[in-house]
Structures are given as C-alpha cells and as structure tokens.
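Asks: sequence-free structure coming up:
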Ligand code: NA
Ligand code: NA
C-alpha cells in the first residue's frame, strides 16, 4: 500500500477511536499496532516490546517525574499558595494579572527545566487552583498554562535542543543561547494576546482592584514570592556551578523545596504521601501516551509516511519561502499526531539536507523546529501540554483547554514569521557571545 | 459506584482490581521516592566525596520504567486515562453502554497486546541471559519483569472495567 | 525483489558508518540486480538502541545490523576483547588482531544467537577529553571522569580517578559546568558533539579501538541461493578495507577539526604507556577470569598480534 493511503488510514482510525471516546493512549496504541500488524503480521511484536522498554527505561525522561515531584512538593507545602498570593497582590491592579503571571512564571521556570510538559505541569499545579478561585475563565487559565509550559523547551536548558544538536551535529551551547531571545519574544507575544483578550472579554477575568497598595502590603507580597524565587535561584545556581546535571536538577529542586516547606512548618507525612501519589498518577497517565505514541511513530516511519511526506517536499524544488511554508504545514500536521521529539527524529534526517541546501542556518532551524514542537504540544490529539494541563485541572474539559490554547498557537506562528523575516532574532545573541 | 450484581463476579473483580491498584500504586510511589533518593545520593557523593554510585542513571531508568507500568492499573481502575470529551448529541452516542463496552474491550485488547509484546522482549532477555552494559551488569530480566507485571495488572484492571461497564445497564 | 532484508545502524544517519552502510546496502542490491534488496535504517528510523541490535538480528526482526562489540557485551561479553584497556590501541594493530582471531566471534555468535559475522572493523579509539589540562596518567588522579562501561570504571579506579556515570545527552553540559572534569569518548563523538567549544584538551590514549561487527541473521543468509550468497561474500571482501579507510579518514578529519577549534591534543609518553600496561595487568586477568576460555584465547591472540 502506498504511504498516502496508509496516512489516510492511520488518520481515520486514530480520529475514529478518539471520536468514540477512547483514551488518547488507547487510540494511539491501537492505530500503531494495527499499522505494524498489517505490514508485518505478528513478526515485529518483539519490536513493540523494545519500544516500550527503551522509551520507559530512559534516564533523560526521569527529569519529568522529578520535576513533577518538585511541583507537587511546592504545591503540597504551600509554597505555590504563597507565591500566587504575593503575585496576585502585586498584580491586583492590572486586568488579567494572573494570566500574565502564568506566562512570566512559566518563562522563569523554563530557565530551570528542559521539558515543556514538566514546565506546564509544575506551573499548572501551582496556578490552576488559584486562578479558579479568583474567577478566571477556564479557557484563559488552562490556555496560558499549556502555552506558557511550551517555553520550557525554547528557553534553555532544553531536552529537544540537546537531541537536535546531537542529530545534526550543531553546537548545543549556541543552540541554547539562540533560544533565549525568541523565548522572550514569545513571552511578549503571549502577553500581547492576553492584553487584547482581556479587553475583548472583560467578563472572563476578575475586575482589577481599585484601591492602591500600601507599602506594608507590597512588602508582605514580596516576602510571599521569595521562597519560590529562592528555589529557582538555587536550581539555576546548582546547574550553573556544576553541582547537578539538568536531569538531576529536578531531584535537587525537590530537596530544596522540601527544606523550604520544612522551614515553614508545612511539611507533614500526609503532604509527602499526597505529593508522591499525585506525581505517580500524573507520570503514568502522561507516559501511557508517550509510550503508545512511540508505537505509532514507529508505524508511521515503517509505513514510509515520514519519508514519503519529506521526500515529496524535497523533490518538488521549492524556493526558501515556499519551502518554509510547506514545512510549517508539515510540522503543524505531524505535530498533531506525533510527540515532538519523535517528530524531530523522524523528519530532521530527511529534511535537513534540503534545509541547508536552501541556505538556512542550522542553529536557526533548530530554534524554528523547537517552536514547531511547542506548537505540536498544543494541538490535539497528540498534544502533551493539553493533557498535562488537564491532569492538573481534571474538571476542565479537554475541548476547553484546546480552545484556550489555540490563540497561543497563532501567536507562535506569528513568532515564526518574524523569525523567518529576521533570522537575527535567533542568531544575533550566539554570534555576539562568540 | 455499584459493585455488586446477582452473580457477584463484577463486584469481586472490581474489588480485586481495587486492591491491586492500591498495592501497586504504593510500590510506584516508593519507586519514585527511591529514584529521588538515588539521584540525591549521586549528587551528594559526587560533590562532597568525589565519588559516584556509578548506577544512579541506570537504576533510575529501571525504577522509572517500573513506576510507569506499575502505576498504570490504578489510572485504568479509576478511569483517569486522558481522553478528549465530547459534548452535544454525540456525547449520548459515546456514553451509550454498547460504545462504552467497545471502548473498554479495545483498551483490554491493546493492553493484552502490549503485555504479549513486552513478554516477548523479556523472554528474549532471558533466553540470551542479557545483562546491561553498564557498571552494574544488571540482569535485564529483573527490571523487565516489573514492566511485565505492571502490564499484567493493567490488563486485569481493564478486564474489571469491561465487566463493570457490562454490568451497569 | 525475491529477498528483502532490513539493515540497521545504531547511529544517526549523518554518521560516517551509517552512510557507508547505506552505500554498502545499495551496492549489494545493485550487484544482485535487485534480487536481494537491502534497505538501510539508521537510529530513529527503527526503534532499536545500540544494545538491541544483536538480539534484533538474532530474532530476525532485522536481517542485518551493525553492532559495537562493547555495546553488545551484555549479551556476548566473551567476544568484547577489544574493550580491554590498552590491549590494542592502533589501526594497524587492530587489522592484524582481527586476522588473528579469525572466525572465533562468528562461531560464538552463530552458536549462541544464530547470527553470522560478515565483517569486523574498527571505529576510532577512546580518548579522554577535558576542560582543564589532563596530559599524563598521573593527572587523572582524583579527577571525575565520565565513563560508560564497566572496564573503563575499573581502569579509572586503578589509575586513581573517580569514574562517574552520566547519560550521553548530559555529557557536554556536564563538562561545561564542571559536573565532571573529563569524559571518555572517541574523537569522532567528541567532534560530533561539538565538544571543542568546551573541551580544550584531548589526552590521546586511544586505549581501546571500538570493535564493530556487521551481522547477518544465519537463516536469512542460508535462505539465499548460492549465487546471491557469493555476491554478498564478494561484496564483503570488497568493502572491508573501505570501512577501515573510512574509519581512519573520519578519525583524522575529526582530530583536525578539533585542533582547528583550539583543542590541544597530547599523546601519552611511551614510558607512561608501558607503565600503565603493567599497572592494568590485573584488569586483563580479571576480564578473562570473568568471561571464560574463549575470552582468554581471544585476549592471547589479540595481545600477540597487535603488540
Ligand atoms: Na528550559
Ligand atoms: Na500535537
């Protein structure tokens, strides 16, 4: 069967299963297994076992539960409550203040976390209950958190950047530095959208406070923000001074968070148990999707779909602009179906020569690719940040989260256009620092 | 939640699924704590004592795999797996008992296939006496057995869910 | 095609061995007039990791594969003789040693896994890369060095260093931030990781050559008619020297590029080397004791041929 027919078949099966209400992991797994069995019979079932084992048994992924644990400890020991209490006071006079806080908070947390799911989960657990309590619309709450979380892989450190650097043999440090300015740009674009939205739909955000803040209230608010800032500084410092690797940073951060919680006298056995229990559930439900997604990724490669799609692009002989638009379409579509790192590993080997031949910069392309991965994390059905945020806000429907995140996808596409027009946004800083 | 029916089978299955879920998620929580402790010890050893566990990254990976799969049956039992909700008229179709039964049947089928596949991987490791190439030279069959156990429990939880769904109408 | 094989390489498609394997597969396909079609896959295109290749060929999930003997040591430790530190440290020595060990790896793998050896060849040797100066064996004392296999751990312990394990993806950031003082890898990998931005010293011990084995499933090979099998074996003979050359060229290019980027390469002093071989003698014995008579025989042959 040709890859075009297989592609249609996979899409039909996947969306059909999700349409009858199957959990996403079940839909991904069944679609993947169907493809593999159709092509090879039962011959490659041991390969499926290898996929489960190799993806499950990976130290780099250990960062994710460690950061989830850190988030849970922050949550259970009340550090997040304090942080948000402080932030909400400081931002109480601006409309949609906590929505900005979500984006800026995610941006800050991204500086210590290399994964967008972990960023979304940690900040999501911290912020979602607080915004709910203050009467923010669920779409704006979950949208800002899901979108803000994606910054985790654009602002260094970044796991996908490390993998890209290894794949195309680009210097990872340059790539990290190249992510900083685009990361800030996207923070800005997200905030611009919140500004517009809060004025279009004032009923979706609580009314700003009218009374001015006194000095004591500001001091108290700053004191409430302090523990989390100390934690971030401690984690960044431990990375910077070589105490820990990025993967170990989550474990180290949990330790610091426990110590701070202990200092506030809020560390109880019940808190620790609750933190562990919730972290396990979150890790499990997210990884069921990652693992079954890996099976589908294999089926997609195996059916020649990834190669077919990419070859068709390369062979058509495009100009840089039309090529860029085409890969945008490809990555947006693939990003709906495949987890980001898998998508990168599948496409880069085939597209990269064309990218270089058309005169694009490898570092620039890495940054662009990471933004496409971020977009993929926000687009259903395979949208990891969407499901991560749903796991911290279980009473919100996924449809609401998808709707909430959609505008930020548009903002990232706008950011990509700027990056295409002005590659210096990514390339200026690494060149300057040489 | 209705757990008893005339013949008593769904109730019993569900009760067992519940016990397994509690037990295995407790183990999963301990594994998470263990991963955290192991990584912390590695950092302390390296920084303060200029030494290394030499196994932290490897064992953390095994514990992680075991955690993910041993935690799975709890998520299935409590119907916490992540899906996309639908609303409107289509929601009625999706919540129809027959559709629900089909859904749970598909989940059981997938988990059985994954269990079978992972068992093949385990058997290959056993057949070739595979060890890790890291310092510990761990017999791979040990951590892989935990993954197989986790998938077996996931199948059991799926089966209990299937029977529960059938007994509801 | 009458016969369709899948050929897997555990490295990224842009690595020289993946490129060579792809060309090798295409050459055989062409020589058989398309009757035997070998499709090549690199890392990411099939879900196997380096440690899975031997088992995947053994169970005929793939028909051909390239395996690093060191990376397959969890399944076939007795043939991983080239991972013994300072046993064989040059291309010329490796070529002689491979002749000396003859069909022994083939027999072991055939017996235990139903897998045949098509080719033995080396990828560049293991060296120590560091941000601060490490230029003698004595400099290794108390240094935290990232190692990736048990023999390297034992070697470093004997030499007074502190072996540390890190995931490959974290090595470069760890070197940059000083989590570790140095890392063991080949010039090729160091260059691929662009480690020269961070690493400024290469201590060129070359203490092991990475023995690569190109494998084929025994049943798949036996299933070919006589004429096709002859073409395969002719092509193997034709390509083996090319793999040696390709490997050496890649190594030299990597070294040149590292130097061009400001990395100082230091060769060990001969007396230092002689000393270290003596110091590590117990490690050699430990390895043969742990892995049985085949291992002892291989070590003897390699030692004689290579040195
Ligand atoms: Na980050
Ligand atoms: Na997506």
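Replies: Structure received. For clarity, every value in this text was computed on a predicted model and none was experimentally measured. Ligands and ions are numbered 1, 2, ... in the order given.

Asks: how about the helix or strand hosting residue C:304: buried residues?
Replies: With elements taken from DSSP states H and E, the one containing residue C:304 is helix C:281-306. Of all the residues in helix C:281-306, those buried under the rule 16 or more other CB atoms under 10 Å in any protein chain shown are C:283-284, C:287-288, C:291, C:294-296, C:298-299, C:301-303, C:305-306. Where C-beta positions appear, they are placed from N, C-alpha and C, glycine not excepted.

Asks: and if you look at stretch C:271-279?
Replies: Neighbour counts over stretch C:271-279 (16+ other CB under 10 Å) mark C:273, C:276-277 as buried.

Asks: in helices, which of those appear?
Replies: Among those, the subset assigned to helices under DSSP state H consists of C:273, C:276-277.

Asks: coming back round to it: does the helix holding residue C:304 reach chain B?
Replies: No: between helix C:281-306 and chain B, judged by CB under 8 Å from any CB of the partner chain, nothing touches; the nearest distance is 9.4 Å.

Asks: which strands or helices does that helix pack on?
Replies: Using 3 or more CB pairs under 8 Å, 6 or more residues apart in numbering or on different chains; DSSP states H and E as the contact definition, the elements that helix C:281-306 packs against are helix C:91-101, helix C:104-113, helix C:150-159.

Asks: return the helix or strand in the chain with minimum mean pLDDT.
Replies: Defaulting to chain A. Among the helices and strands of chain A, helix A:305-315 carries the lowest confidence by mean pLDDT, DSSP states H and E, at a mean of 74.

Asks: look at chain C instead
Replies: Least confident helix or strand, chain C: helix C:171-177 with a mean of 81, by mean pLDDT, DSSP H and E.

Asks: can you tell me what sits against the helix or strand following that one?
Replies: Read in the C-terminal direction, the helix or strand following helix C:171-177 is strand C:182-186, with elements assigned using DSSP H and E. Strand C:182-186 is contacted from outside by C:123-131, C:134, C:143-148, C:152, C:166, C:171, C:174-175, C:190, C:193, C:195, C:199, C:203, C:210, C:251, C:254, using CB atoms under 8 Å, 6 or more residues apart in numbering or on different chains.

Asks: strand C:182-186 pairs with which strands, and in what direction?
Replies: Each strand that strand C:182-186 pairs with, and the sense of that pairing, follows from DSSP bridges: strand C:126-130 (antiparallel), strand C:144-146 (parallel).

Asks: any idea which of those gets closest to residue B:157?
Replies: Shortest separation from residue B:157 across those is recorded for strand C:144-146, at 41.1 Å, computed as CB to CB.

Asks: can the host helix or strand of residue B:44 be found next to chain C?
Replies: Secondary structure from DSSP H and E places residue B:44 in helix B:9-49. Yes: using CB under 8 Å from any CB as the criterion, contacts between helix B:9-49 and chain C involve residue B:46.

Asks: can you spell out which helices and strands pack onto that helix?
Replies: Secondary-structure packing of helix B:9-49 (3+ CB pairs under 8 Å, 6+ apart): helix A:59-76, helix A:246-263, helix A:269-302, helix B:56-70, helix B:72-77, helix B:141-167.

Asks: tilt between the third one and helix B:141-167?
Replies: Compare the direction of helix A:269-302 with that of helix B:141-167 by axes from the mean of the first three to the mean of the last three CA atoms, to 10 degrees and you get 90 degrees.

Asks: quick one: check the least confident helix or strand in chain B by mean pLDDT for contact with chain A.
Replies: Counting by mean pLDDT, DSSP H and E, the weakest-scoring helix or strand in chain B turns out to be helix B:89-95, with a mean of 83. Yes: judged by CB under 8 Å from any CB, helix B:89-95 comes into contact with chain A through B:90, B:93-95.

Asks: filter these down to the buried ones, ChimeraX style.
Replies: Buried residues within the residues of helix B:89-95 next to chain A, by 16+ other CB under 10 Å, are selected in ChimeraX with:
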select /B:94
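
Asks: let me know the closest of the residues of helix B:89-95 next to chain A to residue A:198.
Replies: When the residues of helix B:89-95 next to chain A are compared for distance to residue A:198 (CB to CB), residue B:90 comes out closest, at 32.5 Å.

Asks: measure that closest one to residue C:73 for me?
Replies: 55 Å (CB to CB, to the nearest Å).

Asks: also residue B:49?
Replies: Applying CB to CB, one obtains 29 Å for the distance of residue B:49 from residue C:73.

Asks: so these two - more neighbours on which side?
Replies: Taking neighbours as other CB atoms under 10 Å in any protein chain shown, residue B:49 and residue C:73 compare with residue C:73 leading, 23 against 9.

Asks: before we move on, the earlier item: who are the packing partners of the least confident helix or strand of chain A?
Replies: Contact partners of helix A:305-315 among helices and strands, from 3+ CB pairs under 8 Å, 6+ apart: helix A:3-19, helix A:320-337, helix A:340-357.

Asks: just say which of those is most tucked in.
Replies: Looking across the helices and strands packed on helix A:305-315 with neighbours counted as mean count of other CB atoms under 10 Å in any protein chain shown, the highest average goes to helix A:340-357: a mean of 21.

Asks: any low-confidence regions in the chain?
Replies: Using chain A here. When residues are selected by pLDDT under 70, those of chain A lie in A:60, A:112, A:166, A:310, A:346, A:349-350, A:433-434.

Asks: looking at chain B here, not the other one
Replies: In the predicted model, chain B carries pLDDT under 70 at residues B:1-10, B:84-87, B:167-169.

Asks: and chain A, which residues reach ligand 1?
Replies: Listed as neighbours of ligand 1 in chain A under the rule CB under 5 Å from the ion: A:110, A:152, A:155, A:157.

Asks: so which of those residues are in helices?
Replies: Under the assignment DSSP H, the residues of chain A next to ligand 1 contribute residue A:110 to helices.

Asks: which of the residues of chain A next to ligand 1 lies closest to chain C?
Replies: Chain C lies nearest to residue A:157 out of the residues of chain A next to ligand 1, by CB to the nearest CB, at 7.1 Å.

Asks: can I assume the closest one is in contact with residue A:245?
Replies: No: distance between residue A:157 and residue A:245: 9.5 Å, which falls outside the contact criterion (CB atoms under 8 Å).

Asks: overlap of the contact sets of these two?
Replies: Taking CB under 8 Å, 6+ apart as the contact rule, residue A:157 and residue A:245 both touch A:239, C:173.

Asks: no further queries at this time; thank you.
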